[in-house]
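1. only geometry, no sequence info:
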């Protein structure tokens, strides 16, 4: 692992010499190799699917693992899209000239070597390798063993595409699943600049405890939507349904709906009917129960703490905005938080006081996503406040340094 | 400590409600209290100086500890300067409207609670408290025991100034020096968002090993200046002298001068004479020794690794730019690196390949400083690449989140 990390570091220095034109050539080469070897990749993927079947993996996991013809083409189109994003590496900004005639500016530069630890989806390998190349970083991709065969061949294709231009160690895919390997990698702080764990609770806690280098965690999304007393009722129902049910297994879906008690008579019964039609299981507090005719399951303190990642929603009623914000403060995971209200002052107050990577006003939480927010492809969504907060795209894979141009200026 | 951190977190939520006008009132109150109690502060500082004398502290430390009449006034002027900086908290940028009519923008928000661990200079307490207030962060300031009395009274004055407006726990000064306290603070990752150690090697390693929250280290400056074969000789000498001798105990002074062998005949003897007149001790490699008449001390591998923080300079000769960059890569601390050359291509190559928080071209490394680079006051200079790289001012004490304004948009 030490040698692997050293090679990644060495390749990261070579990446500093690549300009956009050369990077585009590598993207073209990668697309070419992917297309040429599509059949091989789908075959290797089938081996993973067979193993998944033999190991009784649940259908959601199998679905995430599966590379269909169409998904493969989407993956290749993703590389093309990343290629076509503007190249911000080396970009200067914030330039000014000081009293002494020094030109002072800031410049976007890569982070160096990124270690990414993730679970089953094989397309992550290609997405993240393309993002790393775009941002001129080396990347070490440690996938899960479920996707071993798929990840291995994709890693091979990437390195085949790189080698004409640069050390292929700029992208290294570790397809096996050894804890010792990961533990060793997490200790190599001189050669790995940052580790990004993307996945479940267990993985992320383990990385936090073990890593000697900075961690940017892509943690859970315990997201709320607050329906204010001055919410537009139809809009509120529409937004709540979308934020919960459009896709339930994702981090930017809501887990708890918070409702101002004054609007309950107008909205509670309609919400129950609408969620019922979507098959959503509601767990409600006393306030909400009092406003409806059906008997629903009680929400407990544990519900406020649970990211269901499923078609389940807890419902909490509050007396005022303060109570709503306190609840979010206590239980939220700083991911996506939403207010629905026609009162601009209330919205502004919510925005001022709620701490999350993305705050929505009268819009579905499902929009907290790199593609939707205009960043393009993303590594994931950071809930870490330092360095990157929210979707982590190419920009967040760079840092800024200062550049000072003089003609002999000294400090007196 | 747990309660202290919880109070800091609570105060950080109150800070979210302050607008610029209210913050300016607090700054005025702080300036007023400082001026009123100047005599008391200077008296408390005398106690620290007496202890320092009794404990045989070296003169450099005593000097850093000392608050003179003039230094006190500068400290107050520093608060006024921070007050007058633009308030970027809450600022929006990067706004665009997407196809669905969603307004998407980014917003600068505070980090939350900052723990700062630093050594003797009492003015750091006031500087950092003012920067924290400006950036709407709570701060816990843990100073060294040498400055106990000074820090204590300054902490008192700050809290007296805050209490009319906000929980005084927004700024908490720990003047005592208990390792157990620090260790406990470093474990409180739920209430402290980031720790910034500023000081010597030992402190920073300890914090890296112990802290459970993100660390932004303000580490050593092992800075180089490279005199290219196409350097202007007089300019090069002037810059080298300034970068080493203008102030020797600071992180942005150079420790090693790297010289292209082709320019040695023109420059070596002149450099020796000039550094001699400044009392600088030179430690040189064989290449440099061969170009001069005097016998100078040999530089060893240990010298390339040493931040002297003193009037000592190691000198290394190289055959080409590659060798210079390799040396910087191997020994530099990513702080400040400089090239002196009249060849623009060589400068561009150096800029492209050298990794440091500030790269200077034909300018003294002494300019890597918040005030000089237009940031205003700074907490220190970060050598951590994540989040802040270089001087850490108000901007680096914030992070960016996304704000999405809609009128009912849902994701299909």
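-> Cool, got the structure. Nothing here was measured: the structure is a model prediction, and the numbers come from that model.
2. C-alpha from now on. contacts and neighbour counts both.
-> Will do.
3. which SSE is the closest residue to residue A:166 other than its chain neighbours in?
-> Of all residues not flanking residue A:166 in the chain, residue A:14 sits nearest, at 6.9 Å (Cα to Cα, 6 or more residues apart in numbering or on different chains). In this structure, residue A:14 is located in helix A:2-15 according to DSSP states H and E.
4. residue in chain A with the shortest distance to chain B?
-> residue A:387 (3.8 Å; Cα to the nearest Cα).
5. so what touches stretch A:340-356?
-> Counting by Cα atoms under 8 Å, 6 or more residues apart in numbering or on different chains, the neighbours of stretch A:340-356 from elsewhere in the structure are A:225-232, A:236, A:321, A:325, A:328-329, A:333-337, A:339, A:359, A:361-363, A:383, B:13, B:16-17, B:90, B:401.
6. and these, which are buried?
-> When neighbours are counted using 16 or more other Cα atoms under 10 Å in any protein chain shown, the contacts of stretch A:340-356 contain these buried positions: A:225-229, A:231-232, A:236, A:321, A:325, A:328-329, A:333-337, A:339, A:359, A:361-363, A:383, B:13, B:16, B:90, B:401.
7. give me the subset of those lying in strands.
-> Counting by DSSP state E, the members of the buried ones among the contacts of stretch A:340-356 that fall within strands are A:225-227, A:336-337, A:339, A:359, A:361-363, B:401.
8. mind picking the two most distant members of those residues?
-> Longest distance between any two of these is 21.8 Å, between A:227 and B:401; criterion Cα to Cα.
9. coming back round to it: the residue of chain A closest to chain B belongs to a helix, doesn't it?
-> No - according to DSSP: H, G, I helix; E, B strand; the rest coil, the state of residue A:387 is coil, so it is not within a helix.
10. which strands or helices does the lowest-mean-pLDDT helix or strand in chain A pack on?
-> Sorted by mean pLDDT, DSSP states H and E, the helices and strands of chain A end with helix A:59-65, the least confident at a mean of 81. Applying 3 or more Cα pairs under 8 Å, 6 or more residues apart in numbering or on different chains; DSSP states H and E, we find helix A:59-65 packed against helix A:38-54.
11. still on that earlier bit, show me what secondary structure element comes after the helix holding residue A:14.
-> Along the chain past helix A:2-15, the next helix or strand (assigned with DSSP H and E) turns out to be helix A:20-36.
12. how far does that next one sit from its chain's centre?
-> Centroid separation between helix A:20-36 and its chain, computed with Cα atoms, centre = their mean, to the nearest Å, is 25 Å.
13. same question, stretch A:155-164
-> Taking Cα atoms, centre = their mean, the mean C-alpha location of stretch A:155-164 is offset from the chain mean by 25 Å.
14. ok, stretch A:356-372 next?
-> For stretch A:356-372, the distance between its averaged C-alpha position and the chain's averaged C-alpha position is 12 Å (Cα atoms, centre = their mean).
15. re earlier: state the distance from the residue of chain A closest to chain B to residue A:298.
-> As for residue A:387, its distance to residue A:298 is 40 Å (criterion: Cα to Cα, to the nearest Å).
16. returning to what we had before: got the buried residues for the least confident helix or strand of chain A?
-> The neighbour-count criterion (16+ other Cα under 10 Å) identifies A:62, A:65 as the buried residues of helix A:59-65.
17. where does residue A:177 land on pLDDT?
-> We note a pLDDT of 68 for residue A:177 in this prediction.
18. for residue A:408, grab phi and psi.
-> Per-residue torsions, residue A:408: phi 100, psi 10 (degrees, to the nearest 10).
19. kindly check the end-to-end length of stretch A:108-119 for me.
-> Its start and end residues considered, stretch A:108-119 measures 30 Å (Cα to Cα).
20. how about that stretch, which residues are buried there?
-> Within stretch A:108-119, the residues scored as buried using 16+ other Cα under 10 Å are A:108-119.
21. for the closest residue to residue A:211 other than its chain neighbours, give me its contacts.
-> In space, residue A:211 comes closest to residue A:186 once its chain neighbours are excluded; the distance is 4.6 Å by Cα to Cα, 6+ apart. Taking Cα under 8 Å, 6+ apart as the contact definition, residue A:186 lies against A:195, A:207, A:210-213.
22. turn these into JSON lines, including pLDDT.
-> Formatted as JSON lines, the entries for the contacts of residue A:186 read as follows, by pLDDT from 0 to 100:
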{"residue": "A:195", "pLDDT": "95"}
{"residue": "A:207", "pLDDT": "91"}
{"residue": "A:210", "pLDDT": "89"}
{"residue": "A:211", "pLDDT": "90"}
{"residue": "A:212", "pLDDT": "87"}
{"residue": "A:213", "pLDDT": "89"}
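23. give me the element residue A:283 is part of.
-> Residue A:283 is part of strand A:281-284, with elements assigned from DSSP H and E.
24. check which helices and strands that strand sits against.
-> Using 3+ Cα pairs under 8 Å, 6+ apart as the contact definition, the elements that strand A:281-284 packs against are helix A:264-277, strand A:297-298, strand A:312-318.
25. in a markdown table, list these along with mean pLDDT, mean neighbour count and distance to residue B:33.
-> As requested, the helices and strands packed on strand A:281-284 are arranged in a markdown table below (pLDDT from 0 to 100; neighbours: other Cα atoms under 10 Å in any protein chain shown; distance: least, Cα to Cα, whole Å):
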| stretch | mean pLDDT | mean neighbour count | distance to residue B:33 |
| --- | --- | --- | --- |
| helix A:264-277 | 98 | 16 | 51 |
| strand A:297-298 | 97 | 14 | 54 |
| strand A:312-318 | 98 | 23 | 42 |
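26. turn the ones you listed into CSV, columns for distance to residue B:200.
-> Compiled in CSV, those are given as follows (distance: least, Cα to Cα, whole Å):
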stretch, distance to residue B:200
helix A:264-277, 59
strand A:297-298, 56
strand A:312-318, 50
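27. do you know which of those lies nearest residue A:8?
-> When these are ranked by proximity to residue A:8, the top entry is strand A:312-318, at 43.2 Å, counting by Cα to Cα.
28. re the thing from before, among the buried residues of stretch A:108-119, which has the minimum pLDDT value?
-> Ranked by pLDDT, these bottom out at residue A:119, which scores 79.
29. list the contacts of that residue.
-> Contacts were defined as Cα under 8 Å, 6+ apart; by that measure residue A:119 touches A:143-144, A:198-199.
30. neighbour-wise, which of these leads?
-> Within those, neighbour counts (other Cα atoms under 10 Å in any protein chain shown) peak at residue A:143, which reaches 24 neighbours.
31. residues contacting that residue?
-> Contact partners of residue A:143, counting by Cα under 8 Å, 6+ apart, are A:117-120, A:125, A:151, A:173-177.
32. what's the most distant pair in those residues?
-> When Cα to Cα is used, the two most widely separated members of those are A:125 and A:177, lying 15.2 Å apart.
33. please say which of the two ends up with more neighbours.
-> Remark: of residue A:125 and residue A:177, residue A:125 carries more neighbours, 26 against 14, as counted by other Cα under 10 Å.
34. tell me which helix or strand the more buried one sits in.
-> Applying DSSP H and E, one finds residue A:125 within helix A:123-134.
35. now tabulate the helices and strands packed on strand A:281-284 in TSV and tack on distance to chain B.
-> TSV is the format used below for those (distance: least, Cα to the nearest Cα, whole Å):
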stretch	distance to chain B
helix A:264-277	16
strand A:297-298	28
strand A:312-318	18
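36. need the phi and psi values for residue A:149.
-> When read as degrees, to the nearest 10, the backbone of residue A:149 gives phi -70, psi -40.
37. separate out the buried members of the contacts of residue A:186.
-> Neighbour counting by 16+ other Cα under 10 Å classes A:195, A:207, A:211-213 among the contacts of residue A:186 as buried.
38. sort out for me which of these are in strands.
-> Of the buried ones among the contacts of residue A:186, the ones assigned to strands by DSSP E are residue A:195.
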